[in-house]
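>>> got a predicted model here, sequence first, then my questions.
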There are 2 protein chains.
Amino acid sequence: MATRLSDVAARAGVSVKTVSNVINDYPHITARTRAKVEAAIAALDYTPNVSARSLRKGRSDFIALAIPEMGSPYFAELGAEISRAAKRRGITVLIDQTEGEAAAERFVLDGMRGQLIDGIIFSPLATAPAKLTSIAIGKPLVLLGERPAGGQFDRVALDSVRAAYDATTHLVSLGRTRIAAIGVGGTSTGAVRRKGYRKALKEAGLPHDPALELAGSGYHRADGAAAMRELLALPKPPDAVFCFNDLMALGALRTLADAGLSVPEDVAVAGFDDIEDGRFHSPSLTTISPDKEWLADNAVALLLDRITGDDNSAHRDLTVPYTLQIRESTAG
Amino acid sequence: MATRLSDVAARAGVSVKTVSNVINDYPHITARTRAKVEAAIAALDYTPNVSARSLRKGRSDFIALAIPEMGSPYFAELGAEISRAAKRRGITVLIDQTEGEAAAERFVLDGMRGQLIDGIIFSPLATAPAKLTSIAIGKPLVLLGERPAGGQFDRVALDSVRAAYDATTHLVSLGRTRIAAIGVGGTSTGAVRRKGYRKALKEAGLPHDPALELAGSGYHRADGAAAMRELLALPKPPDAVFCFNDLMALGALRTLADAGLSVPEDVAVAGFDDIEDGRFHSPSLTTISPDKEWLADNAVALLLDRITGDDNSAHRDLTVPYTLQIRESTAG
């Protein structure tokens, strides 16, 4: 049973109101009373509950991280990094899985959590950041992801067009001429990365073949595996594939193995995210590697600056550094 | 800006106190006043903050899930399932990554979160469940994991001894005689699964070779890869390896690929957890597959029964069903 205010009062021989006054640091309490109450608090190992405390000090030292999907290794790894970055600053992160549903995302944003959460790091899927004005958030918010925040919020994101351009250009540099893309669907990640992919093909003077662009809509291993099967069934299959995330690339690699094809000899494969899975896979996966620690650290720092009010500047848009990690799936 | 109580009061033409009384369902409010306030709340889309609300109704409809590591696919997949199981019941799960540190685990347990969280699903790493009496938790708690709760808490767990026995017996049935184990360290998972592994060897009449038991202490891919390198350096390397989780098995598979060895012909490999990664890997990974959906659903149901007070029975210990999934890494 948790210790209650009344237990402390009984032990100190004072009223509950007096204990409350001591905890809340009210003036007009004698040193002797304060000492008695503090001794009782220490003896009983009493912890004031956070609702009462946060109502008083106006901060809970908890922040929320809302991500679409915890089972996705990219978000799991990012969540772990953000949790670590916050812990270094004495802040606890509570993670909420929205499954990319508009209702759940709105629930995070509409301030239902009241006093509990000092601010939110939000990776939206269903909610367009441009529509966020209409929602009364009432808390500091840092956005992650592809879509611009329109100057309303701080945002930390990769330059995904440039990264997709770099990955595609790497495949071009290997002499590949039929370079497919998996994951081009949707209005967010897919659309942005497709832009970089097409730009690279255009600059290389390679023709744009719509048959080589597949939606891969779920961004899971099974989507990549299915898309790769479609590509292999084409009259002229591709000699390279750029998957818009590592999970789909790992699914595509499984399909290629099943088909008895060699990677990278027959088909070179590149991914995006640099999840641990791809580093240990055989063949290991060439990928765009965002600096997740940098991302986490800056997202948390940005949010805390807003929470403490140390930062009243215009909203900032930070660009996450990345590298292209060339591994066995493209360099044989 | 979030709508405040005072905005509602102004619009309804009543005092803040009256609005508060309506929200808190106090008696002695005329129907006319109530209607005015409710109309103002609807017009302004006002949401009372959760601290105030949960102080009143005594429940927040949030539960916490404390797991050691979000970046580990097993916990990520389990967290996603628990989040889904709770959502089906109108409950939001907030996930806290303890990194298996005693201080963080204690922080979850000691009720710091006060009114916010109705209960906790806790997968301990540093904290021995037997020591939990000493901590004033003051909230319903459901334990996950290997170690018995000593009748103090509800627990949902696999029969890990039996599952490890089954996996090892499967390797024996393939005619393997030098079966190694990776992950035997520690007092929890490692010790429990080692018991099943040794029991299977003993029953099969196979000698127990301490050189074939490696700690693999971190349970990550890198630990499995390093342990496999040690095993291959032995004068008599193993012809089968049972890794106590899939991540280590995937690391071991990478080492075997680097060494030019065939799986399962030269070395058969089995894991534990059935993470998605192992299903798509080539070779796909033979593993113990706990029914994660069952686990999640029962852990949430058990916790909610305690929270609502519908269940005042003795604490229960539920055993999670599992299957042995035989895949390419053992069946060539």
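Okay, I see it. Numbers count the residues shown, from 1 in each chain, chains lettered A, B, ... in the order given.
>>> I'd like the next helix or strand past the worst-scoring helix or strand of chain A on mean pLDDT.
When the helices and strands of chain A are scored by mean pLDDT, DSSP states H and E, helix A:50-57 comes last with a mean of 49. The helix or strand immediately downstream of helix A:50-57 is strand A:62-67, counting by DSSP states H and E.
>>> and that next one, how far out from the chain's middle?
Centroid separation for strand A:62-67 versus its chain: 10 Å, with CA atoms, centre = their mean, to the nearest Å.
>>> and stretch A:163-182, by the same measure?
Between the centre of stretch A:163-182 and the centre of its chain there are 26 Å (CA atoms, centre = their mean).
>>> check which residues of it are buried.
For stretch A:163-182, burial by neighbour count (16 or more other CB atoms under 10 Å in any protein chain shown) applies to A:163-172, A:174, A:176, A:178-182. C-beta coordinates here come from the backbone N, C-alpha and C atoms, glycine included.
>>> repeat for stretch A:316-323
Neighbour-count burial for stretch A:316-323 [16+ other CB under 10 Å]: A:316, A:318, A:320, A:322.
>>> nearest to chain B among the residues you listed?
Using CB to the nearest CB, the shortest approach to chain B within these belongs to residue A:320, at 18.0 Å.
>>> could you chop chain A up by domain?
Domain assignment for chain A by automatic domain parsing gives A:5-48, A:62-158+A:292-321, A:160-290.
>>> looking only at pLDDT, what's the mean for the second one?
Here the mean pLDDT over domain A:62-158+A:292-321 is 83, rounded to a whole number.
>>> how long is it end to end?
27 Å (CA to CA, to the nearest Å).
>>> which stretches of chain A form helices?
Assigned by DSSP state H, chain A shows helices spanning A:5-12, A:16-23, A:31-44, A:50-57, A:73-87, A:102-109, A:160-173, A:189-203, A:221-232, A:246-258, A:276-280, A:292-308.
>>> can you name the residues that contact residue A:225?
By CB atoms under 8 Å, 6 or more residues apart in numbering or on different chains, residue A:225 lies in contact with A:251, A:252, A:254, A:255, B:280.
>>> name the nearest residue to it, ignoring sequence neighbours.
Nearest residue to residue A:225 in three dimensions, chain neighbours excluded: residue A:251, at 3.6 Å (CB to CB, 6 or more residues apart in numbering or on different chains).
>>> which pLDDT does the model give that neighbour?
Here, the pLDDT recorded for residue A:251 equals 97.
>>> settle this for me: residue A:73 is touching residue A:274, isn't it.
No - with contact defined as CB atoms under 8 Å, residue A:73 and residue A:274 do not form a contacting pair (10.1 Å).
>>> what sits in contact with each of the two?
Taking CB under 8 Å, 6+ apart as the contact rule, residue A:73 and residue A:274 both touch residue A:246.
>>> reformat the contacts of residue A:225 as TSV; add neighbour count and distance to residue B:307.
Converted to TSV, the contacts of residue A:225 look like this (neighbours: other CB atoms under 10 Å in any protein chain shown; distance: CB to CB, whole Å):
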residue	neighbour count	distance to residue B:307
A:251	26	40
A:252	32	45
A:254	21	42
A:255	22	46
B:280	24	38
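>>> which one of these sits closest to residue A:83?
residue B:280 (26.7 Å; CB to CB).
>>> quick check: closest non-adjacent residue to residue A:6.
Nearest non-adjacent residue to residue A:6, counting by CB to CB, 6+ apart: residue A:16, 5.6 Å away.
>>> got the contact list for that neighbour?
Shown in contact with residue A:16 (CB under 8 Å, 6+ apart): A:5, A:6, A:9.
>>> how about residue A:294?
Residue A:294 touches A:320, A:321, counting by CB under 8 Å, 6+ apart.
>>> residue B:65 versus that one, what's the distance?
To residue B:65, residue A:294 is 27 Å away according to CB to CB, to the nearest Å.
>>> also residue A:304?
Applying CB to CB, the value for residue A:304 to residue B:65 is 24 Å.
>>> which of those two has more neighbours?
Applying other CB atoms under 10 Å in any protein chain shown to residue A:304 and residue B:65 shows that residue B:65 carries more neighbours, namely 29 against 22.
>>> what bridges to that one?
residue B:95, residue B:121 (DSSP bridges).
>>> out of the domains of chain A, nearest to residue B:196?
Among the domains of chain A, the nearest to residue B:196 by CB to CB is domain A:160-290 (26.2 Å).
>>> quick one: end-to-end distance for that closest one.
Terminal residues of domain A:160-290 lie 10 Å apart, using CA to CA.
>>> what's stretch A:153-162 in contact with?
Identification of contacts with stretch A:153-162 by CB under 8 Å, 6+ apart yields A:129, A:132, A:141-146, A:148-149, A:189, A:192-193, A:195-196, A:199, A:288, A:290, A:295, A:298-299, A:302-303, A:306, A:315-320, A:322.
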